[in-house]
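Colleague: Need coordinates for the below:
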Amino acid sequence: MAHFTESDEMQFTNTLLAAMKDTEFAGIDFSPLPTAQAGMDEVFIKILSKTNQTERKRLYALLLDSITPAQAPLLMESMRLRGRLGVPGHEEHRWLLDRWGDIDGETATGWAFKIGVDDGYKSTHGPNILIKAWTRNEPEAALNWLASQKEIPLKMAWVRGC
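Modeller: Numbering: from 1, shown residues only. Below you'll find the predicted structure:
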């Protein structure tokens, strides 16, 4: 049985993304992804409408690998469509929070603060995902930002989430 290292997985992902460049994959053009809400909604609906869970999750993971910091808020807004599609989407929501925290922690965490509660949860679960993702890449920046915030509800829960 073959054992794959993290390096092997990264190489496979990079090869797959390179093969998709300027092409469609499963009827979805990943390069370039839309920069307007209507376009992102269309991609999101195509992916979450897939009835095969494995295919849906694979395509969604490719979407997350392809988004830029400017596209992450569009995808978060598209996430509101999941209920109308009949897909719970909690796992996809967590994946998006984690990815957005990785690629633009400050904006993502600021977004979570601005809405006051995380979308779809009644706890600090979503903000914790964002802070943890941000601190993986930029621990000092994340903790400095958090320390500078004066009026974050549940701030201590966020600090403990790091």
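Colleague: helices or strands next to the strand or helix carrying residue 133 in the packing?
Modeller: Following DSSP states H and E, the helix or strand that holds residue 133 is helix 125-137. Packing partners of helix 125-137 (3 or more CB pairs under 8 Å, 6 or more residues apart in numbering; DSSP states H and E): helix 90-115, helix 139-148, helix 155-161. The C-beta positions use only the backbone N, C-alpha and C, and glycine is treated the same way.
Colleague: can you tell me which residues contact the residue most central in space within the chain?
Modeller: Compute the mean C-alpha point of the chain, and by CA atoms, centre = their mean the closest residue is residue 96, 1.8 Å away. Residues counted as contacts of residue 96 (CB atoms under 8 Å, 6 or more residues apart in numbering) are 64, 72, 75-76, 79.
Colleague: Let's have those residues in JSON lines, adding pLDDT.
Modeller: Formatted as JSON lines, those follow (pLDDT from 0 to 100):
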{"residue": "64", "pLDDT": "94"}
{"residue": "72", "pLDDT": "95"}
{"residue": "75", "pLDDT": "94"}
{"residue": "76", "pLDDT": "92"}
{"residue": "79", "pLDDT": "89"}
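Colleague: quick revisit: mean pLDDT lowest for which of the helices and strands packed on helix 125-137?
Modeller: Sorting the helices and strands packed on helix 125-137 by mean pLDDT places helix 155-161 lowest, at a mean of 58.
Colleague: thinking again about what came up before, can you list the contacts of residue 96 in JSON lines and add neighbour count and distance to residue 90?
Modeller: Shown next, in JSON lines, are these (neighbours: other CB atoms under 10 Å; distance: CB to CB, whole Å):
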{"residue": "64", "neighbour count": "18", "distance to residue 90": "15"}
{"residue": "72", "neighbour count": "23", "distance to residue 90": "18"}
{"residue": "75", "neighbour count": "23", "distance to residue 90": "15"}
{"residue": "76", "neighbour count": "19", "distance to residue 90": "14"}
{"residue": "79", "neighbour count": "18", "distance to residue 90": "10"}
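Colleague: Nearest to residue 137 among those residues?
Modeller: The nearest member of the contacts of residue 96 to residue 137, counting by CB to CB, is residue 72 at 14.2 Å.
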